[in-house]
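Novice: Here is a sequence together with a model predicted from it:
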Amino acid sequence: MDMKEVKALAKQNKIKESKRDYVYYVICGIILFLLAVIVIYPLYYIVIASISDADAVMTGDVWLYPIKVTFKGYASLFQRDDVWRGYFNTIAYTVLGTVFNVVLTIPAGWALSRDYLPFRRLITTMLIITMFFGGGLVPYIIVCRALGLYQNPLILIIGGGVSVYNVFMCKSFFASNVPKEILEAAQIDGAGEIRTFFDLILPIATSIISVMVLFYAVGHWNNYIDAYIFNIDKNFYPLQTVLNDLLNATASGEGDVVLEQMRTATQIKFTSIIVATVPILVLYPMIEKHFGQGVLVGSFK
């Protein structure tokens, strides 16, 4: 059967779409377009507001395109040493903290997915309880103080080392994607648990590892409140905390300087959002191809 016959057969067997189908497609297209506008426009507005004149932004004239393009906000932001120092601190906290989180979460999920783990049900029950009941902030601070982590930047790396939700996501992924035949073959070849995990399990877990990296990295990057809670020295402030202090400082004033401080606060507000968001936007496309598979397969009820 040549290609012409194949095309003719496909045309004969093609299901004809009714007018209702076309109406349905149009309605779905309109809804998706509106949802896309709702999601994309705030991001677009932040970009054009960050390069527009502060007076035009405050008066509401900026909504479709930038007015009196200026980069004063970026210039004033990047001239500050505390912003660069905060950038370095946040990168360090994010990289080290994400590695620490993933190193704990992936093996924990793998262990819980094995039926032969001793006290598996008890451990699972205890972990589930922590998802619904917690001691609160004060006991957490007391424990950290007893461990010598209060006023210690190390708490921004190892604090909240494991997310129970992420552990169960990894558990579900391993339970669904690791055939028993592979493990049996590894046992026959004499591979122990450690070698099986590193040589067989990790290579097929790239999707769930990518999801964990994204979840934990975003959490570390956006974290600003812990620096206040644990009274960290300002030299070790992450970027988000530095920007929060900067906005609070520029948003307050008295007398004739109020208007000028409002202009500065308006410029810095939008430029700081761009500066703090770009690294995560760069990270996401790198692992996006693994994201859907990892979340869908690793989800649990």
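Specialist: Happy to help now that I have it.

Novice: What strand or helix carries the closest residue to Trp110 other than its chain neighbours?
Specialist: Leaving out its chain neighbours, the residue that sits closest to Trp110 by Cβ to Cβ, 6 or more residues apart in numbering is Phe174, at 5.2 Å. In this view, the C-beta of every residue, glycine as well, is placed from N, C-alpha and C. Using DSSP states H and E, Phe174 maps to helix 164-177.

Novice: So for the helix or strand following that helix, what gets flagged as buried?
Specialist: Downstream of helix 164-177, the first helix or strand assigned by DSSP H and E is helix 180-188. By 16 or more other Cβ atoms under 10 Å, the buried positions in helix 180-188 come out as Leu183, Ala186.

Novice: Can you tell me what sits against helix 180-188?
Specialist: With contacts defined as Cβ atoms under 8 Å, 6 or more residues apart in numbering, helix 180-188 is touched by Arg195, Thr196, Asp199, Leu200.

Novice: my guess is Ile123 contacts Arg114, does it?
Specialist: No: look at Ile123 against Arg114 with Cβ atoms under 8 Å: they stay out of range, at 11.5 Å.

Novice: So which other helices or strands are in contact with the helix holding Phe174?
Specialist: helix 81-112, helix 120-132, helix 206-222, helix 258-298 (3 or more Cβ pairs under 8 Å, 6 or more residues apart in numbering; DSSP states H and E).

Novice: Name the next helix or strand downstream of the second one, please.
Specialist: Downstream of helix 120-132, the first helix or strand assigned by DSSP H and E is helix 137-146.

Novice: helix, strand or coil for Gly160?
Specialist: Here Gly160 takes the coil state, with states given by DSSP: H, G, I helix; E, B strand; the rest coil.

Novice: Next, give phi and psi for it.
Specialist: Main-chain torsions, Gly160, degrees, to the nearest 10: phi 60, psi 50.

Novice: Same check on Tyr22?
Specialist: Per degrees, to the nearest 10, the backbone of Tyr22 is at phi -70, psi -40.

Novice: So what's the residue count around it?
Specialist: Using other Cβ atoms under 10 Å, Tyr22 has 10 other residues around it.

Novice: And it, how far from Cys28?
Specialist: Distance of Tyr22 to Cys28, computed by Cβ to Cβ, to the nearest Å: 11 Å.
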